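Chemist: how would this look folded up:
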Amino acid sequence: MAKTPTIKIRLNSTAGTGFYYVTKKNPRNLTEKMVMKKYDPVARKHVEFKEGKIK
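Modeler: All right, here's what the predicted structure looks like:
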């Protein structure tokens, strides 16, 4: 069986709250770092989340 090309990534909040989301991405299709605008419940507003590695 072939291995799935998706990898787990961590989306870190740029608000500096320490909140993060864990999601998957296909590095073959998305070669650059993922940036998404999502809700940060600690800051209580929508902020940008940038990709980081899961430790």
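Chemist: how about the strands in the chain?
Modeler: Secondary structure of the chain (DSSP state E): strands at 7-13, 20-25, 35-40, 45-52.
Chemist: Now the residue nearest the centre of the chain: closest residue in space that isn't a chain neighbour?
Modeler: Computing the C-alpha centroid of the chain and ranking residues by CA atoms, centre = their mean puts residue 11 first, at 2.5 Å. The shortest distance from residue 11 to any non-neighbouring residue, by CB to CB, 6 or more residues apart in numbering, is to residue 49 (3.8 Å). Every C-beta, even on glycine, is put in place using the N, C-alpha and C of the backbone.
Chemist: Quickly note the distance from that neighbour to residue 24.
Modeler: 14 Å (CB to CB, to the nearest Å).
Chemist: and the two? which has more neighbours close in?
Modeler: residue 49 (23 against 10; other CB atoms under 10 Å).
Chemist: That one reaches residue 36, doesn't it?
Modeler: Yes. Between residue 49 and residue 36 there is a contact at 5.3 Å, judged by CB atoms under 8 Å.
Chemist: related to what we said a few turns ago, for the residue nearest to the centre of the chain, name its beta-bridge partners.
Modeler: Bridge pairing for residue 11 (DSSP bridges) gives the partners residue 21, residue 51.
Chemist: That one and residue 32, how far apart?
Modeler: Applying CB to CB to residue 11 and residue 32 gives a distance of 14 Å.
Chemist: Give the residue spans of this protein that score low on pLDDT.
Modeler: For the chain, no stretch is flagged by pLDDT under 70.
Chemist: repeat that for 90
Modeler: 1-4, 53-55 (pLDDT under 90).
Chemist: Touching both of residue 49 and residue 36, which residues are there?
Modeler: residue 11 (CB atoms under 8 Å, 6 or more residues apart in numbering).
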